[in-house]
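[1] Sequence first, then the predicted structure:
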Amino acid sequence: MTQPIFLVGARGCGKTTVGVALAQALDRGFVDTDNYLLTRTNMSVADIVAQEGWDGFRARETQALKSVTAPDVVVATGGGMVLAEGNRQFMREQGVVIYLRAPAQILADRLEAFPEEGQRPTLTGKPITDEIVEVLAAREALYRQAAHHVIDASHAPDAVVDAVLAALHMARAS
């Protein structure tokens, strides 16, 4: 299988951490769309949103997705990548989409333990746990709609990588 693998899910679900380890396990390249944007624009997500608004950021995010998509690459997407129907369709058609799903409290705990100040502005202006609950409620169906596989991301990264590898292996075997 040389199709790209797209990791989707909310902030804190481990897309980058799992993506790096998954790419190593599969001997593939790895790219994070947020980091790609940071490198290409010399601006953080927060800077882009401040200058261009969320619509401007989302347009850049879509361009980044298309730019980094290639065979044999694992792509960690931004948490809101699934908001655009075109992005969901593109990922499903171009590769394998893995939804790294974790309960809101685990996501909030991770984000509080490893804050990414300046990386991503708040979406709602609410405390992190409230924001995660609200964002997950709004996006859960979109993550599921995009995904070929849903993986429980509440475990340690190595266990999540093993679960992804098992799902990919099962898919190839069927």
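    Ah, there it is.

[2] list the helices and strands the top helix by length along the chain packs on?
    Longest helix of the chain, by residue count under DSSP state H: helix 45-68. The contact analysis (3 or more C-beta pairs under 8 Å, 6 or more residues apart in numbering; DSSP states H and E) places helix 45-68 against helix 33-41, helix 85-94. C-beta here means a position set from N, CA and C on the backbone, and glycine is covered the same way.

[3] What is the burial count for Arg88?
    Using other C-beta atoms under 10 Å, Arg88 is surrounded by 20 other residues.

[4] Would you check that it makes contact with Leu142?
    Yes - the criterion here is C-beta atoms under 8 Å, and Arg88 meets it with Leu142 at 6.7 Å.

[5] what do those two both touch?
    Common neighbours of Arg88 and Leu142, using C-beta atoms under 8 Å, 6 or more residues apart in numbering, are Val82.

[6] circling back to that earlier point, for the longest helix of the chain, which residues meet the burial criterion?
    Judged by neighbour count (16 or more other C-beta atoms under 10 Å), helix 45-68 contains these buried residues: Val45, Ala46, Ile48, Val49, Phe57, Arg58, Arg60, Glu61, Thr62, Ala64, Leu65, Val68.

[7] Over to stretch 131-141?
    The neighbour-count check on stretch 131-141 (16+ other C-beta under 10 Å) flags Glu131, Ile132, Val133, Val135, Leu136, Arg139 as buried.

[8] Show only the entries of these found in helices.
    Cross-referencing those against helices under DSSP H gives Glu131, Ile132, Val133, Val135, Leu136, Arg139.
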